[in-house]
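1. Next one to model:
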Amino acid sequence: MSSASAAMIVPPDRLRDIVVTIFSAAGSTDREARLVADHLVEANLRGHDSHGVGMIPAYIANALDGSLVLNQTLSIAVDSGPFVICDGGSGVGQVMARDAMEAGIERAAQTGACIVGLRNSHHIGRIGHWAEQCATAGLISIHFVNVVSTPAVAPFGGTKARVGTNPFAVGIPRAGKPPIVVDFATSRLAAGKVQVALNKGVSIPEGALLDAGGHPTTDPSDLFTDPPGALVPFGEHKGWGLSVACELLGAALIGGKTQSGPKRGNGIINSMLSILVSPDRLGTRASLDDETNAFVSWVRSEATRASAILMPGDPERETRQWRKAHGIPIDARTWDEIGAAAKSVGVPRLD
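-> As a prediction, this is how the structure comes out:
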């Protein structure tokens, strides 16, 4: 691979304004534009550039071809006791997922727990964002997500892409401390991270990608050839098993579509099953806090290496602190692609 393309540094507030301007020009309401901007820039702040503003070109292209429906209203398909099943109608995922989680949070406050289904939403972005939303409300949350788009991941033992990256997340609130947030794709790399590497002109780690012939490769362009290569599951059969659970629980259980064939349209469609639990209503808040603190202290008790022992969510918070102070790096190719997307909706330049 060639050397990385030069990156420009953009202040977070400026980047938010740019996103709002682009989506407003595309036809989004102010609320929708701002929720998209907050989510994408937050992903960049936390170091997940794969789910940040680099998604703008795909989102705008989908809005223009109708596979992403701007200003969609979340609909409730099932509302029965602890069950709330929502349909996103291909609406903006950052709005659909937020509103679905708000419905679940409200219900969990009433009943102690809620099973929330969100089906048929356009791309909902970084799943940890929704775990954080629930943790802020004091709730435990578990999220199973499937992806219906261009298949990108081969089954364990296979060489051809058959499923999406099917992420999984868990959020655990901590009294007076940042939550523990587990959030990862069930492939060794998210497809967006391969796209970021391609845009930067850098190689990806070994063991994550197969080329179209089924051979290991570190060239990110091999994922996007015709025919395409394929990512592999993390943890071999274990990651594959979790991917299957995300596909069937995240979609089939709640009436969503599974990735049961080649790409059907231009959109990136997510369904998500979320399990929300209130430790307060369960009566275990004190135990959760005490035992979580004891556990974290124990795993970090190897004093000479304690600084190297991170809990899930720590790396993102450290990256966020640095990028908030110094700005967000955007490689030249990604910046040009965002500029082209802006022009396609009548924004002549990224001011």
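2. just the helices in the chain please.
-> Here the chain has its helices, by DSSP state H, at 12-26, 30-45, 56-65, 93-111, 128-136, 191-200, 237-250, 279-282, 285-299, 314-326, 332-344.
3. Could you give the average pLDDT over the second one?
-> In this model, helix 30-45 carries a mean pLDDT of 98.
4. how close does the nearest residue in space to G47 that is not next to it in sequence sit to I328?
-> Computed as C-beta to C-beta, 6 or more residues apart in numbering, the closest residue to G47 that is not its neighbour in sequence is T319, at 3.7 Å. For the C-beta atoms, the positions are set from N, CA and C on the backbone; glycine is no exception. Relative to I328, T319 is positioned 10 Å away (C-beta to C-beta, to the nearest Å).
5. which residues are common contacts for these two?
-> L45 (C-beta atoms under 8 Å, 6 or more residues apart in numbering).
6. Give me the below-cutoff pLDDT ranges for the stretch 51-200 of the chain.
-> Residue ranges of the stretch 51-200 of the chain with pLDDT under 70: none are present.
7. which residues does V244 contact?
-> Here V244 is in contact with no residue (C-beta under 8 Å, 6+ apart).
8. and if we set it to 10 Å?
-> 146, 155-156, 163, 166, 186, 233 (C-beta atoms under 10 Å, 6 or more residues apart in numbering).
9. check contacts around the residue nearest to G47.
-> Going by C-beta under 10 Å, 6+ apart, the list of residues near T319 reads 44-48, 328.
10. quick one: which of these is nearest C86?
-> For the contacts of T319, the residue nearest C86 by C-beta to C-beta is H48; the value is 24.4 Å.
11. what's around that closest one, how many residues?
-> Look at H48: counted by other C-beta atoms under 10 Å, it has 22 neighbours.
12. In this structure it contacts R323, no?
-> No: with contact defined as C-beta atoms under 10 Å, H48 does not reach R323; the gap is 11.1 Å.
13. can you tell which of the helices of the chain is closest to I76?
-> helix 93-111 (7.4 Å).
14. Pull out the buried residues from the closest one.
-> 93-101, 103-105, 107-109 (16 or more other C-beta atoms under 10 Å).
15. Over to stretch 266-276?
-> 267-276.
16. Please state the mean pLDDT value computed over it.
-> For stretch 266-276, the per-residue pLDDT averages 97.
17. Adjust the sequence numbering to begin at 18 for everything that follows.
-> Right, with 18 as the first residue, what we last looked at is stretch 283-293.
18. Find out how far that stretch is from the centre of the chain, if you would.
-> Put simply, stretch 283-293 sits 10 Å off its chain's centre (C-alpha atoms, centre = their mean, to the nearest Å).
19. Mind exporting the C-alpha coordinates of that stretch to CSV?
-> C-alpha atoms of stretch 283-293 as CSV (Å, rounded to 0.1, in the frame of the first residue of the first chain):
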residue,chain,number,x,y,z
ASN,A,283,-28.6,0.6,-2.1
GLY,A,284,-29.5,1.2,1.6
ILE,A,285,-27.7,0.0,4.7
ILE,A,286,-30.5,-1.5,6.8
ASN,A,287,-30.1,-2.4,10.5
SER,A,288,-32.4,-4.2,12.9
MET,A,289,-31.6,-4.3,16.6
LEU,A,290,-32.9,-6.3,19.6
SER,A,291,-32.1,-4.4,22.8
ILE,A,292,-32.7,-5.8,26.4
LEU,A,293,-32.9,-3.0,29.0
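20. which parts of stretch 191-206 are buried?
-> 191, 196-206.
21. would you list those in a markdown table and tack on distance to K280?
-> As requested, the buried residues of stretch 191-206 are exported to a markdown table (distance: C-beta to C-beta, whole Å):
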| residue | distance to K280 |
| --- | --- |
| R191 | 40 |
| P196 | 35 |
| I197 | 35 |
| V198 | 30 |
| V199 | 29 |
| D200 | 25 |
| F201 | 23 |
| A202 | 18 |
| T203 | 19 |
| S204 | 17 |
| R205 | 21 |
| L206 | 20 |
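22. any idea which of those is the one closest to R302?
-> Nearest to R302 out of the buried residues of stretch 191-206 is R191 (C-beta to C-beta; 10.8 Å).
23. ok, that closest one - contacts?
-> 152, 197, 305-306, 309-310, 313, 328, 330.
24. okay if I get these as a markdown table plus distance to P245?
-> As requested, these are exported to a markdown table (distance: C-beta to C-beta, whole Å):
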| residue | distance to P245 |
| --- | --- |
| A152 | 36 |
| I197 | 35 |
| L305 | 44 |
| D306 | 47 |
| T309 | 42 |
| N310 | 46 |
| V313 | 41 |
| M328 | 36 |
| G330 | 32 |
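25. For L305, grab the count of nearby residues.
-> Count around L305 with other C-beta under 10 Å applied: 17.
26. same thing with the one 3 residues further on?
-> Residue crowding around E308 was assessed by other C-beta under 10 Å; the count is 11.
27. ditto for the one 3 residues further on
-> If you count neighbours by other C-beta under 10 Å, A311 ends up with 10.
28. Please report how far it lies from S304.
-> Taking C-beta to C-beta, one finds A311 at 10 Å from S304.
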